[in-house]
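here's my sequence, what's the structure:
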Amino acid sequence: MNPNLATARARIAACLMRDAAGNLVQRYDHLNLAGLGLTSAELSEPFDPQERGLPPLSLADLPHLRYLDLTGNVLTELPECVCEMLGLEWMGLNFNRLRQLPENLGDLKSLKCLYIRGNGFMTGIPDSVGFLDQLIELDLTGCGITKLPSSMGHLKQLQHLALDDKELDTDQKAAWKGAKWENLRKHLLKLDEEALSSYRRSESYQLDLGRFSQQAKDFAQIVASASSMFEVRKSIDDPQIRKVLFPGHENDEEPFEIQRAEITTQFTGKLILVGSQEHGKTCLQRALRGQPFVQGYKSTDGMSRERLFLKHDGSRVTEAERAKNSGPQEGIIDMTLWDMGGQEHYQHTHQMFFTPAAVYLVVTLPRQGAEVQKLDEWIELVKRRTDGRGSIIVVSTWCDMHDLDQSITLDGLQAKHGEIVRHLIAVDSETGTRIAELRAQISWVVQEPRSKCKHTWLPGWTDVLSKLAATDSAFLRLPALRDLCAEHGIDEEEEQRTVIRTGHYTGALLWREDIPAGEDVVILNPDWLCRAVARLLDDQTTREESGLVDISKLERVWRGAGRDGTPGYEPDTYAALIELMEINELAYRPKMPGRKIGEGSHLLLTQMVQSKPRQDVQDEWNAISPPKPEESSRVVAFRKVGDLGYESVPDIIYLLIFRLRDFSLGRLDYNKAIHWQKGLLVRDEYGNAGKIELEDEKLHITVRYTLENGLMHSIISRIGVGDDPLWNGRGLKKVEFVPCGSACVSNKPDTGLISMEDCLKTKKAGNTSVRCEMCHDYVNISRLMQQSRTEPDEHVKLKQWLKEQFTALQSGQEETYLAVLRGNEDNRLRSAQIEQLLQMHVDRVLEAFTSEWKEGPRFFSLKPLPEAGWNPKTWVQMKFRVTVWCEACRKPVPFFGARKQDKPKEYLGSEEITLTREWVQKSRKLLSIGSWLLLAGATGGTAGIGGLASAVGGALTPQEAKDIAAELAKDQKVIKEVLSSIPDESKSLLRDDRGADDEDSADDFSLLGIKAFGKPVEDDLKLLRYLRTEYEKKDPTWGGLISTPDDKFGRIWAHPKAKEVFG
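Next up is the predicted model:
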């Protein structure tokens, strides 16, 4: 018997008591049974609490409970009585053994918090969860949930969802990425809408109408007026509607169940062959397909694709047999077999094709020594590219001629690389030895849940993909594919995207929706693109020119047949090929003399730049550096999540040559560019210079700057990692270091490296020292950071100037402000510096939130509007004026002077919203910088507000500009009071790029302007999305801003008058 059972029963009994009349009444509305090891039977079993004078009881006698904690028991199912506790607001089910939740979970309409963490055997979440209208928090981590019900999209109050995104199916994982719950919620809503659309045109709907007989018209009206399947279910659940639809049965628990639309489930996906050149990959794929062996068969030119059909037991289905029954067949496994070229210089292109939802055959030769090392490298490559979520079968070829190296075993490979390695087999493609066994292994792996090759096909999907397979086009634009989907009855945008995404995962096409520029192009013939790239990589002339190709001479490389007999490329396809290479970050068109940006006559393949640096690199580095600069250094390394060592990332320089091309010394004239296989020099538009060099596994970055170290932020940001599309789930973590400098305790300055993350964690834990990665001694954090606190002279002068302007404005000295507008040499210099700092700050925000442009503007400022008599210690919420900024001219939208139609006294671009104290805490940095930003605009000389008076189409007069500036000065007292009323939990070691932990006051505008957001982190992103959501409710037009293309940031939100007014 469970020794804790008596404790549990005593706690249940304690929730009840007898009143003076002897009636059984509620005593407590909360019950804590956590950690008692209770089984489901023990929890439900009645008992007799005679010692309390109560009648026999059970958990079912507590329907009044509001809080129930069942964490840490051994429940395999939830007692039915729990779903009868209709007032339940909080329930903890963490760390049990639940396999499923009751179907009537949705009856708990008052539930606000539900925690199910650590129930690793869950098979899913019931659809009824969508009825939990009040649910705010839901924790599903550690439950192995692979698919959320579409009804969850209707949880409008849900704010915090925790789950293991790696476990989700491919579509939901793609939706969860980035915006987390809000994007996933929209995806689930679309799925529910699509389910209704499919249901309406299915035979199931017609059958359901027939089952209703006299009530068919009422049911049809419900289906016609609903916007989702959830609404249909909800309507049928309504007692009044039940009375009409089910006369005499309206009180039945389940009087009617809606039939599912006809769908088909099939295993289908990509089977990717990788390995070094001449290891027998092409012969192997031919053998798998039942093709005869051909001696001396030519190696693959880039990549080739074929089809492989298997039964679930692994037996082969011929193409003729498969053609007799086209379309998805549940008993057939359809695989697209991708044979990847093994040459080393092709490997950089693999980023386009590797996905977790695939099976990989890593092909090796049965030799000892170096071959074993190459095998490990290929496994690690797949592992990095799929974040360890792919499935690998290691295949050793020519087994009839050579025995497999006895040092290679499946246990050994799994011990070294993990469960990603599923099987090891030796085969012979020439004689067919064990080829049938390999097919069986492939079928087993494909059917494993980790392979994610099981796909559901709705009506019309197969027709669309079949149509695409039959087209002669190598690629199509997204709108054309959406039109094709609509022709086959697929009208909803999200379902259309799901169809295309399914084609991508199954290998039928290539869609880089993870790259903004790639979303509009769907490649129907991926090997067509891969072979084109391969030809350039193999071309000797291109190699001699260090990857620089004259576009007018591409015909020499692309027109003729390939070495494997594949046809050449017609000149009318060259523009598309170049565009696709740019989209996939393989090449770009550099600026050449006499040509416009983006219209260069040459193409640069970044991985083919010269191998060694020029001899004058150091001289050029000194020449491009600003006079009397500050110097900042960082070291970046890449660590596999969970590992201690660092990973080699040889293609990182290729990536940076592409992504930092707008900082290249050759951005105006490519002939001035300086980059090589292990490094590059860069310079931004503000005169700051950077040198980047790769030494072994570490990337060394040095930046020389005058005012602010924004270039370092841009470099670090564009390296990416994590959700960045280039890394495509390699599973690498970016680790950033600072040199130890004068804080070194080993008397070897700058040889030690200190992890910035370790510094932050250590300081938060209350410790004063952090361990050096190199010498393993401990370095004092304050001393380490103090050495980078030296403030440039220009900072000091600018701070003093700013304080003078505020003092003048606060004391009513209007003439001082007017002098700023009129300008003298010093004022012009300081105004230009402010303008530069403002530009740098906006650059940072846009750089950090580049992918956020789709949802709306990314740049806002805040002004508090506290009510009279507000208490800094007790206030809970406060009104704020949120102002949206033009991302083109970097000016607040109200400065354009357009007034609201319903409130003629107010300008467009500024709205009042209410923020709770919690959100104000997260807004602290934005609030601190808001007034500084406006001051920068107000005192920015001809580039500021005053400039509007004389600019074409200017909306504000000098007097209005002066009044705004004076008002800003008066606001400082309020802003300072609000800031002082909340603790500055956001201030940290990593507040800015230099790592300084300043104690500057809230009105130190110069340093606030410099630090401001610092490195935008997750809280900043949450705040941005929250402000954007609240603002959009008031003004969905964003004050007149529109999304426009931009050379630097891809897309920005700009005011239509920005160019006219500010140039």
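
hey, let's count contacts and neighbours off CA atoms from now on
Fine.

counting neighbours, what do you get for Trp533?
For residue 533 the amino acid is Val, not Trp. Around Val533 there are 22 other residues, counting by other Cα atoms under 10 Å.

secondary structure class of it, three-state.
helix (DSSP: H, G, I helix; E, B strand; the rest coil).

and the next helix or strand past the helix-or-strand element of the chain with minimal mean pLDDT?
Counting by mean pLDDT, DSSP states H and E, the chain has its least confident helix or strand at helix 1005-1011, which shows a mean of 28. Sequence order places helix 1018-1034 as the next helix or strand after helix 1005-1011, per DSSP states H and E.

which elements pack onto that following helix?
Here helix 1018-1034 touches strand 910-916, helix 917-922, going by 3 or more Cα pairs under 8 Å, 6 or more residues apart in numbering; DSSP states H and E.

in the next helix or strand after that helix, what counts as buried?
Heading C-terminal from helix 1018-1034, the first helix or strand you meet, by DSSP H and E, is strand 1042-1046. Within strand 1042-1046, the residues scored as buried using 16 or more other Cα atoms under 10 Å are Ser1043.

return the alpha-carbon coordinates of strand 1042-1046 using CSV.
Below are the C-alpha coordinates for strand 1042-1046, written out as CSV (Å, rounded to 0.1, in the frame of the first residue of the first chain):
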residue,chain,number,x,y,z
ILE,A,1042,4.0,51.2,-46.3
SER,A,1043,6.3,48.3,-46.8
THR,A,1044,9.0,49.1,-49.4
PRO,A,1045,12.1,47.3,-50.7
ASP,A,1046,15.4,48.4,-49.2
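
and the contacts of that strand?
In this structure, residues lying in contact with strand 1042-1046 by Cα atoms under 8 Å, 6 or more residues apart in numbering are Trp853, Arg1051, Ile1052, Trp1053, Ala1054, His1055, Pro1056.

hmm, 10 Å instead?
Residues from elsewhere that reach strand 1042-1046 (Cα atoms under 10 Å, 6 or more residues apart in numbering): 853-854, 856-857, 886-888, 1050-1056.

and for stretch 41-61?
1-2, 5-6, 8-10, 12-18, 22, 24, 26, 33, 37-38, 70, 73, 75-85.

now with 6 Å, please.
Residues outside stretch 41-61 that contact it (Cα atoms under 6 Å, 6 or more residues apart in numbering): Cys81.

can you check stretch 307-318 too?
Arg289, Ile332, Ile333, Asp334, Met335, Thr336, Leu337, Arg439, Ala440, Ser443.

could you do stretch 176-196 as well?
With contact meaning Cα under 6 Å, 6+ apart, stretch 176-196 is reached by Ser150, Gly153, Ala175, Ser228, Met229, Glu494.

same question for stretch 634-652.
With Cα under 6 Å, 6+ apart as the test, stretch 634-652 has contacts from 697-701, 731-738.

now with 8 Å, please.
Counting by Cα under 8 Å, 6+ apart, 348, 607, 696-702, 719, 731-739, 753 sit against stretch 634-652.

just the ones of those residues in strands?
Among the contacts of stretch 634-652, DSSP state E puts 698-702, 732-739, 753 in strands.

all helices for the stretch 201-350 of the chain, in order.
Remark: helices assigned in the stretch 201-350 of the chain by DSSP state H, counting those that start in this stretch are 203-212, 216-225, 229-237, 239-245, 281-288, 319-324.

report the buried residues of the shortest one.
Read it as helix 319-324. Quick answer for helix 319-324 (16+ other Cα under 10 Å): Arg322.

could you give the average pLDDT over it?
For helix 319-324, the mean pLDDT works out to 87.

near Ser110, how many other residues are there?
A count of neighbours around Ser110, defined by other Cα under 10 Å, yields 18.

pLDDT score assigned to it?
With respect to pLDDT, Ser110 has a value of 90.

give the contact list for it.
Leu86, Gly87, Leu88, Glu89, Leu132, Asp133, Gln134, Leu135.

what separates it from Ser632, distance-wise?
As for Ser110, its distance to Ser632 is 55 Å (criterion: Cα to Cα, to the nearest Å).

circling back: so can I have a markdown table of the contacts of stretch 176-196 showing pLDDT, neighbour count and distance to Thr268?
Converted to a markdown table, those look like this (pLDDT from 0 to 100; neighbours: other Cα atoms under 10 Å; distance: Cα to Cα, whole Å):
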| residue | pLDDT | neighbour count | distance to Thr268 |
| --- | --- | --- | --- |
| Ser150 | 87 | 25 | 23 |
| Gly153 | 89 | 24 | 28 |
| Ala175 | 79 | 18 | 21 |
| Ser228 | 76 | 23 | 29 |
| Met229 | 76 | 23 | 28 |
| Glu494 | 72 | 18 | 21 |
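
that older thread, PyMOL command for the buried members of the contacts of Ser110?
Applying 16+ other Cα under 10 Å to these leaves a buried subset, and the PyMOL line that selects it is:
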select buried, resi 86+87+88+89+132+133+134+135
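
turn the contacts of Ser110 into JSON lines, including pLDDT, secondary structure and distance to Cys485.
JSON lines is the format used below for those (pLDDT from 0 to 100; DSSP: H, G, I helix; E, B strand; the rest coil; distance: Cα to Cα, whole Å):
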{"residue": "Leu86", "pLDDT": "89", "secondary structure": "coil", "distance to Cys485": "44"}
{"residue": "Gly87", "pLDDT": "88", "secondary structure": "coil", "distance to Cys485": "46"}
{"residue": "Leu88", "pLDDT": "92", "secondary structure": "coil", "distance to Cys485": "45"}
{"residue": "Glu89", "pLDDT": "90", "secondary structure": "coil", "distance to Cys485": "44"}
{"residue": "Leu132", "pLDDT": "91", "secondary structure": "coil", "distance to Cys485": "34"}
{"residue": "Asp133", "pLDDT": "87", "secondary structure": "coil", "distance to Cys485": "34"}
{"residue": "Gln134", "pLDDT": "90", "secondary structure": "coil", "distance to Cys485": "37"}
{"residue": "Leu135", "pLDDT": "92", "secondary structure": "coil", "distance to Cys485": "36"}
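
out of the contacts of Ser110, which one sits closest to Met840?
For these, the closest approach to Met840 (Cα to Cα) belongs to Leu135, at 41.4 Å.

the closest one contacts Leu111, doesn't it?
Yes. Using Cα atoms under 8 Å, Leu135 is in contact with Leu111, at 5.6 Å.

if I look at Phe859, how far off is Ile692?
30 Å.

then Glu437 would be within a helix, right?
Yes. Secondary structure of Glu437 (three-state DSSP): part of a helix.

so what's it up against?
Shown in contact with Glu437 (Cα under 8 Å, 6+ apart): Gly314.

10 Å - rerun?
Taking Cα under 10 Å, 6+ apart as the criterion, Glu437 is in contact with Gly314, Ser315, Ile425, Ala426, Val427, Ser443.
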